[in-house]
Structures are given as C-alpha cells and as structure tokens.
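J.: My questions concern the predicted model and sequence given below.
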Amino acid sequence: MNLAEPTPDPGLIGVTGATGGVGGRVARRLAAAGARQRLVVRDLTRAPDLPGAEAVQASYEDLPGMRQALAEVDTLLLVSASEHPDRVALHRTAVDAAVVTGVTRVVYLSFLAAAADATFTFARDHWHTEQYLRGTGLPCTFLRDSLYQDVLPYFPDRAGVIRGPAGDGRFAPVARDDVAAVAATVLLAGDGRHDGQSYDLTGPELLTMAAVAAELSRATGRDISYHPETLPEAYESRARFGAPEWEVTGWVTSYAAIAAGELDLLADDVARVTGRPPTRFADYLAAGA
C-alpha cells in the first residue's frame, strides 16, 4: 500500500499546539490540503489565521475547557505538552476529554525509544502517555520523533562549544518539517490505514555530537566544537540556570541517552509515509536555518 496516496475525508481535525513549531507546521499543511480543522491553543491572539480553520482556547489542565474544544472533533493531533513536572497528568486530562467528547482517532506526538526505563527521563513521559492512550481503546498512531534538527543550532554556548555527556553516541536528528509532513499525511487519512501504528521519525544519517558541531561550523563559518562532559560535570554546568531538578535532569539525560545508544536508530518511516526522503542535517542548515 502507498501510505501517501489519497484517502477518504477524515472529518474535523483537532490540532493542539497549533502555535508551536510542529503543530503550527501541521496546521498550515492541513489548510493547504483544504482540511477542516480546529486549532486548540492556549492564547487565541497567537493562533494562525488559516482557511478552513477555527481557533478555540483551552489548555491540557482544564478538563471542561478541553471537552468544549474537542466537541465534534473526529481526529485529534495530540502534541505533547511542554516540559512539566507532571506532564503525564496533563496528557491524561486531554485524552480523557477526547474520550468523553467522542473523538474517534488520536495521533500522538511521542519520542523515539520511549520506554518506562528510558535514560532520557522525558521519554518515560511519552511511554506512559502511549500506554494510557492504548488503554482507552481508541485507534491511535504514535509518531516517535528523534531529536529535532531545528534545535541543534542552539546547542553551542557563547564560546561555540556544545557541552554534554553524549560521548561518541550516534543519533539521527529529524527536521520538524518532516515530522509535520508525516503528521499531516496521517491525519488526512480517513481509512484507518495508520491506526495502531508507531512510526519512528528520524533523519537519513546517524551523527555524533562532534559531527553536529562540524556541520554547524561549516554552515556558520564559526569554530564550533563538542566537549564531552561527564554526568557530574553536566549537572554542574547547568546549575547556573537555576532550573528545577526535574528539568535539569531532562536536559542532561537527553545527552546521556545518546551515549547509551538508545537513539542510535535509522528508520525509513518518513519516506514510507510521505513518499519523500527525510532532510539531511547539512541540507537543513544550507537552506538558511
């Protein structure tokens, strides 16, 4: 089966996180395809103005608001909440609202190698959310993204050094445009072909953090390098931000998961679903990122 070929009308699509980096891209793709969609946002003043789209205000912690926002929605894109000490509880509230209002299908933006014992602590949140969604009996599709190419240019500090305990581990960062293309394709499919599927969304090549630094150097003309920290060094270097412990642990363990080999995976799901290959990191940078 060609996963990218046209399918029956999916009905009204609900898009959460429509003001964000992935949700906004998905909403624009759906609008270009002529889909009917409802944008669920925390701030109506930031909602994109798109043909065929209406915007409603609601947040994951507000069950009555989410119920109202999802009324008559057929298919829901559930973009994971921002970093939070109890992000799973926020996701459960949104899922409960979807169940009560009669949403018939959920597409959840998850993370690569999500597991109960994942090294990356935020990946554990995604696993628990996936399990909760499975328990509802709703048809679901999980989009398990690798780290985003789009955030890597922000990794170097002012001295041009990427610091973290990633060692020589490899990962295949994916462009948010590619994630949005997969999400839009899945959301527009009204025939159930993606139900029950988990798609691993990666870029086309495995990179070390040193290779990321080299690509950033070529693209920017700056001298950017990678300094592999130990775990204690990583916690110490981030203490100056004054962030809560759970958040710092998430930052540090994202690198540690790379060192542990948990993100050392190349998948062809972007190409299988969209019909086109994923973006190389060098090409993403060359495009002006």
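T.: Sure thing, it's come through.
J.: quick one: low-confidence ranges for the stretch 1-150 of the chain?
T.: Within the stretch 1-150 of the chain, the segments meeting pLDDT under 70 span 1-7.
J.: what about the strands in it?
T.: For the stretch 1-150 of the chain, the strands defined by DSSP state E, counting those that start in this stretch occupy 13-16, 37-41, 53-57, 75-78, 105-111, 140-145.
J.: Mind putting those strands into a markdown table with distance to Pro232?
T.: Every C-beta, even on glycine, is put in place using the N, C-alpha and C of the backbone. Below are these laid out as a markdown table (distance: least, C-beta to C-beta, whole Å):
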| stretch | distance to Pro232 |
| --- | --- |
| strand 13-16 | 38 |
| strand 37-41 | 40 |
| strand 53-57 | 44 |
| strand 75-78 | 36 |
| strand 105-111 | 25 |
| strand 140-145 | 29 |
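J.: and of those strands, who's closest to Arg134?
T.: Closest to Arg134 of the strands of the stretch 1-150 of the chain is strand 140-145 (C-beta to C-beta; 6.8 Å).
J.: who's in contact with the closest one?
T.: Defining contact as C-beta atoms under 8 Å, 6 or more residues apart in numbering, one finds that strand 140-145 is touched by 105-114, 126, 130, 133-134, 174, 179, 182-183, 186, 194-201.
J.: change it to 6 Å
T.: Strand 140-145 is touched from outside by 106-112, 130, 133, 174, 179, 183, 186, 194, 197-201, with contacts defined as C-beta atoms under 6 Å, 6 or more residues apart in numbering.
J.: what does stretch 211-222 give?
T.: Under C-beta under 6 Å, 6+ apart, the answer for stretch 211-222 is Leu152, Gly160, Ile162, Ile224, Ser225, Tyr226, Phe281, Ala282, Leu285.
J.: Please check those residues and keep the buried ones.
T.: Buried members of these, scored by 16 or more other C-beta atoms under 10 Å, are Leu152, Ile162, Ile224, Ser225, Tyr226, Phe281, Ala282, Leu285.
J.: The fifth one in helix, strand or coil?
T.: Which is Tyr226. strand (DSSP: H, G, I helix; E, B strand; the rest coil).
J.: Now for it: which residues touch it?
T.: Counted by C-beta under 6 Å, 6+ apart, Tyr226 has contacts Ile162, Met209, Ala210, Ala213.
J.: pLDDT and distance to Asp62 for the buried ones among the contacts of stretch 211-222 - can I get that in a markdown table?
T.: Listed next are the buried ones among the contacts of stretch 211-222 as a markdown table, based on pLDDT from 0 to 100; distance: C-beta to C-beta, whole Å:
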| residue | pLDDT | distance to Asp62 |
| --- | --- | --- |
| Leu152 | 98 | 34 |
| Ile162 | 98 | 38 |
| Ile224 | 98 | 42 |
| Ser225 | 98 | 45 |
| Tyr226 | 98 | 42 |
| Phe281 | 98 | 38 |
| Ala282 | 97 | 43 |
| Leu285 | 97 | 39 |
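J.: Pipe those into a markdown table and attach distance to Ser237 per row.
T.: Output for the buried ones among the contacts of stretch 211-222, formatted as a markdown table (distance: C-beta to C-beta, whole Å):
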| residue | distance to Ser237 |
| --- | --- |
| Leu152 | 18 |
| Ile162 | 12 |
| Ile224 | 17 |
| Ser225 | 15 |
| Tyr226 | 14 |
| Phe281 | 24 |
| Ala282 | 28 |
| Leu285 | 25 |
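J.: what about the closest residue in space to Phe120 that isn't next to it in sequence, helix or strand, and which?
T.: Of all residues not flanking Phe120 in the chain, Ala257 sits nearest, at 3.9 Å (C-beta to C-beta, 6 or more residues apart in numbering). Using DSSP states H and E, Ala257 falls within helix 245-259.
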